[in-house]
Structure formats: structure tokens, C-alpha cells
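Undergrad: quick check, what structure comes out for this input:
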Amino acid sequence: MKHIADGTILNNGITMPWFGLGTYKAEGEEVAKAVTTALELGYRSIDTAAVYGNEEEVGRSIAASGVARDELFVTTKVWNDDQGFDTTLSAFETSSRKLGLDVIDLYLIHWPGQSKYKETWRALERLYAEGRVRAIGVSNFQIHHLQELMKESTIVPAVNQVELHPRFIQKELHAFCSEHQIQIEAWAPLMKGRLQENELLQSIAKKHGKTVAQVILRWEMQQGIVIIPKSVTSSRIKENSEIFDFELSAEELGSISGLDAGERIGSDPDKLLF
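TA: You can find the predicted model right below:
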């Protein structure tokens with residue numbers, strides 16, 4: 001049975017926790033308190049991004065936590081407006097300063113866009129070679145984006161962070177990433193609470209004495225997906241982490257996967273052009 005601090009081995013040999021805290025749309029004292037609570041509960045992975053506007057608060061909470069730096073895994077992302085070689089290097093320095101960290105564990109390209117992501121990736125490769133980041137990856141990349149990137153790059157992305165939940169399981173993308181040793185990580189793993197009333201999930205949750213959210217998170221983790229549920233509520237942060245004391249059967253996993261309807265709640269990467 002996995003533990004909250006256990007992780008998956010990325011394609012460059014470093015360990016990334018299976019479970020972490022997402023901080024999208026959480027700012028100020030709210031996000032600072034959420035990160036503090038999560039670290040106290042045993043979370044060791046925190047996910048942020050330049051565009052979230054909360055890197056300073058995240059960094060301060062990490063510094064005040066007393067948790068050893070080598071026990072933590074911190075992810076941030078370069079925003080669309082900063083894509084390009086030189087601008088990405090500059091954006092990284094800003095994120096590093098705000099977080100108060102000389103080395104970032106995982107640095108991601110936030111969205112593929114139309115044209116600059118290859119230049120941006122060259123900058124990430126430079127940062128990796130210089131030891132400023134422990135791993136580099138992408139977010140919201142489709143199969144064709146990954147294929148284009150890998151044609152001209154020397155490093156295969158370690159992670160692809162994408163929208164993934166029972167209504168949008170990304171089966172083909174997941175298979176492609178597994179084939180190329182790219183770790184899939186789910187954002188919006190709970191579909192922003194829109195599955196709470198689903199009868200199948202309620203039935204499975206009742207059987208295990210768990211909540212619908214816990215069942216969804218367990219379903220993802222058992223499929224080898226890294227998860228970063230976002231919450232700023234202490235009780236929910238605790239609830240989300242309590243998924244390491246039960247297992248779903250193969251039949252239950254299959255029935256949850258059967259909820260897939262290709263239903264996005266976020267932007268389509270092929271339509272978000274910049």
C-alpha cells in the first residue's frame with residue numbers, strides 16, 4: 001500500500017510524489033495557510049505556476065514549515081506570455097526568486113500554444129543542464145505536440161500535466177505517454193466537484209466507507225497517475241490525502257473508467273493559440 005510520501009520514478013531517475021497539493025486560483029493568506037496545512041499533514045509535493053500569482057506565498061510557507069528541502073517536490077510553470085528562449089530563462093529566475101528556491105524540482109511549459117514551445121523547451125533543457133531544475137516537463141500537451149517536441153529535442157519530457165478525471169480519461173494520450181516514459185499528472189482530478197452526485201461513484205464510495213472524492217483520487221492513483229487536488233479548506237486537504245488505506249477492485253476501476261465522455265472542463269490545447 002502506498003504512503004502519502006511515496007513516489008514514482010521519473011524517466012531521469014528522480015522520484016516525484018504520487019500525491020500533492022494544487023494551488024490554482026488560491027492566493028494570499030488563503031494559499032499560505034493551505035500549503036502550511038498540507039505540509040503538516042504529510043504532503044510533500046506542491047504545485048504552483050507563475051500565472052497563479054502565488055509563488056511568493058507558497059515559498060514563504062515552505063520556508064516556514066521546517067520540512068527539509070530534500071523531502072519536498074516543488075513544481076512551477078512558465079506562462080504563455082513568457083515563452084521563447086530568453087524570456088523563459090528570465091521567467092524562471094523570477095519564479096525561483098519568488099519561491100525562494102535556487103533549484104526547482106519540476107519546471108513545466110504551461111501550454112503548448114502554436115509556435116514557441118520548441119524554443120521554450122531549449123531553455124528548459126539549458127536550465128536542466130545547469131542544475132537549476134531537477135526535471136523538466138510539459139502541461140496540456142497533446143500527442144502531436146509531444147511528437148513535434150521530441151523530434152528536435154535531446155530530453156524527453158519527464159511529466160505531462162493534463163486535465164484528467166473520470167469524464168475525461170485521455171486514454172490514447174495516457175498510453176502514448178506510458179510508451180515514452182512520460183509521467184501523466186492530472187490537474188482537476190476531481191472535475192472541480194462536478195461528480196459528487198454520480199450514483200456509481202456514490203455506490204463505490206459507500207462500499208469502501210469513503211467519499212466520492214477519495215474514490216476518484218484512488219482510481220487515478222491506481223492507474224499510475226500523479227494527482228494534485230486543489231483545496232484551501234483544511235478538512236478537505238486532509239480528506240483528499242486519506243486514500244492510502246483502501247484499494248479499488250479491477251471491476252471498480254473499469255466501471256469508473258466507463259464514465260468517460262470526452263468531457264473537458266478546461267481549454268482545448270488545440271484551440272488555445274498564442
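Undergrad: could you measure from G20 over to T8?
TA: G20 sits 12 Å away from T8, going by CB to CB, to the nearest Å. (Glycine included, C-beta is placed from N, CA and C.)
Undergrad: which residues do the two both contact?
TA: V226 (CB atoms under 8 Å, 6 or more residues apart in numbering).
Undergrad: tell me the buried residues in stretch 240-254?
TA: Within stretch 240-254, the residues that count as buried by 16 or more other CB atoms under 10 Å are 240-244, 248, 252-253.
Undergrad: hang on, the earlier thing: more neighbours: which of G20 and T8?
TA: Per other CB atoms under 10 Å, whichever of G20 and T8 has more neighbours is G20, with 26 against 18.
Undergrad: skip the chain neighbours and tell me the closest residue to the more buried one.
TA: S45 (2.8 Å; CB to CB, 6 or more residues apart in numbering).
Undergrad: which strand residues bridge that neighbour?
TA: F73 (DSSP bridges).
Undergrad: for I204, grab the count of nearby residues.
TA: Count around I204 with other CB under 10 Å applied: 23.
Undergrad: repeat for the one 5 residues further on
TA: Here the number of neighbours of G209 (other CB under 10 Å) works out to 9.
Undergrad: do you know how far it is from S45?
TA: 26 Å.
Undergrad: how about the strands in the stretch 101-250 of the chain?
TA: Shown for the stretch 101-250 of the chain, the strands assigned by DSSP state E, counting those that start in this stretch span residues 104-109, 133-139, 159-163, 183-187, 226-227.
Undergrad: output the second one as CSV, restricted to C-alpha atoms.
TA: Meaning strand 133-139. Written as CSV, here are the backbone C-alpha positions of strand 133-139 (Å, rounded to 0.1, in the frame of the first residue of the first chain):
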residue,chain,number,x,y,z
VAL,A,133,15.9,22.2,-12.2
ARG,A,134,15.8,18.5,-11.3
ALA,A,135,13.3,17.6,-14.0
ILE,A,136,11.6,19.3,-16.9
GLY,A,137,8.2,18.6,-18.5
VAL,A,138,5.1,20.0,-20.1
SER,A,139,1.5,20.7,-19.4
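Undergrad: walk me through which strands that strand pairs with, and which way each runs.
TA: Partners of strand 133-139 in its sheet, by DSSP bridges: strand 104-109 (parallel), strand 159-163 (parallel).
Undergrad: how about JSON lines for the strands of the stretch 101-250 of the chain, with distance to S257, mean pLDDT and mean neighbour count added?
TA: Converted to JSON lines, these look like this (distance: least, CB to CB, whole Å; pLDDT from 0 to 100; neighbours: other CB atoms under 10 Å):
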{"stretch": "strand 104-109", "distance to S257": "26", "mean pLDDT": "98", "mean neighbour count": "25"}
{"stretch": "strand 133-139", "distance to S257": "23", "mean pLDDT": "98", "mean neighbour count": "24"}
{"stretch": "strand 159-163", "distance to S257": "16", "mean pLDDT": "98", "mean neighbour count": "24"}
{"stretch": "strand 183-187", "distance to S257": "13", "mean pLDDT": "98", "mean neighbour count": "24"}
{"stretch": "strand 226-227", "distance to S257": "15", "mean pLDDT": "98", "mean neighbour count": "25"}
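Undergrad: quick one: closest of the ones you listed to G84.
TA: strand 104-109 (11.2 Å; CB to CB).
Undergrad: contacts for that closest one, please.
TA: Contacts of strand 104-109 (CB under 8 Å, 6+ apart): 14, 16, 49, 72-78, 83, 92, 95-96, 117, 120-121, 124, 127, 132-139, 141, 158-159, 161.
Undergrad: ditto for stretch 241-250
TA: Contacts of stretch 241-250 (CB under 8 Å, 6+ apart): 1-4, 19, 38, 41-43, 204, 208-210, 214-215, 217-219, 221-222, 256.
Undergrad: list the contacts of K238.
TA: Here K238 is in contact with 37, 41 (CB under 8 Å, 6+ apart).
Undergrad: perfect, that will be all.
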